[in-house]
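*Asks:* return a 3D structure for these sequence lines:
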Amino acid sequence: MSTQRYRLSFTTGGLFLQEAPLVAERYLSLRDWSQTRTDVRNGNLLQARTASAAKRISIELFGRLVLLDVEELEALVEGSRRARSYLLWSAVCRRYGFIRDFAIEVLREYYLNRRHQIMTVDYEAFYNAKALWHKELDEIAVSTQKRLRHGVFQMLREADLLSEQGQIQPALLSPYLARLIAKHGREHLLVFPATDSEIQRWLQ
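*Replies:* The predicted model follows:
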């Protein structure tokens, strides 16, 4: 079991379904992340109310988007809302080991075992189990712990992987999208509620 410290800075925003395609499109025209950051900041592309909010959102969003390759960014710009949400969920799971582990060990595992609902108590059990190995989870304030939980559930709902009532919703990746994500390793598809046979069918 890895004890590498979890990065826990995902309390800002959700998946950024509106903002991410705008930034991705700007990057694809410039092919330079540094220049893209400058353009986004100077043009207030994120439409943030304050400079501090713009900075927080920008740091969080860029930290995720740089983990997507050019083809994924193109799909983010040109794809459907569902495709965008799945790509952004994949990016979140690549950046945050805590969310990746929750997706694999709770979301997908529940789906495989036909446990159809994820509740707060399930998240808390996962959090407490991980805290035995990750002291950073014990070091943060209770209020921050609640924001982390809210962030995880918000992103799951925005990705249409969890309903408002906590019902797990099967992932419906297109073969093209599945292959794009699997280029980074088939294990990247394990963050979605899908069986091995469903994943195999996507990749055929």
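*Asks:* for this protein, which helix is longest?
*Replies:* Criterion DSSP state H: the longest helix present in the chain is helix 142-158.
*Asks:* output the below-cut-off pLDDT ranges for the protein.
*Replies:* 1-2 (pLDDT under 70).
*Asks:* need the helices for the chain, in chain order.
*Replies:* Using DSSP H, the helices of the chain run over 19-30, 33-42, 51-65, 70-78, 81-95, 97-102, 109-112, 120-131, 135-139, 142-158, 175-182, 196-203.
*Asks:* helix 81-95 and the longest helix of the chain, what's the angle between them?
*Replies:* 140 degrees (axes from the mean of the first three to the mean of the last three CA atoms, to 10 degrees).
*Asks:* and helix 142-158, what does it pack against?
*Replies:* Judged by 3 or more CB pairs under 8 Å, 6 or more residues apart in numbering; DSSP states H and E, the packing partners of helix 142-158 are helix 81-95, helix 97-102, helix 120-131. Glycine gets a C-beta too; all of them are placed from N, C-alpha and C.
*Asks:* if you set the cut-off to 7 Å instead, what comes out?
*Replies:* helix 81-95 (3 or more CB pairs under 7 Å, 6 or more residues apart in numbering; DSSP states H and E).
*Asks:* distance of His184 from Arg81?
*Replies:* In this view, His184 and Arg81 are 22 Å apart by CB to CB, to the nearest Å.
*Asks:* no more questions from me, cheers.
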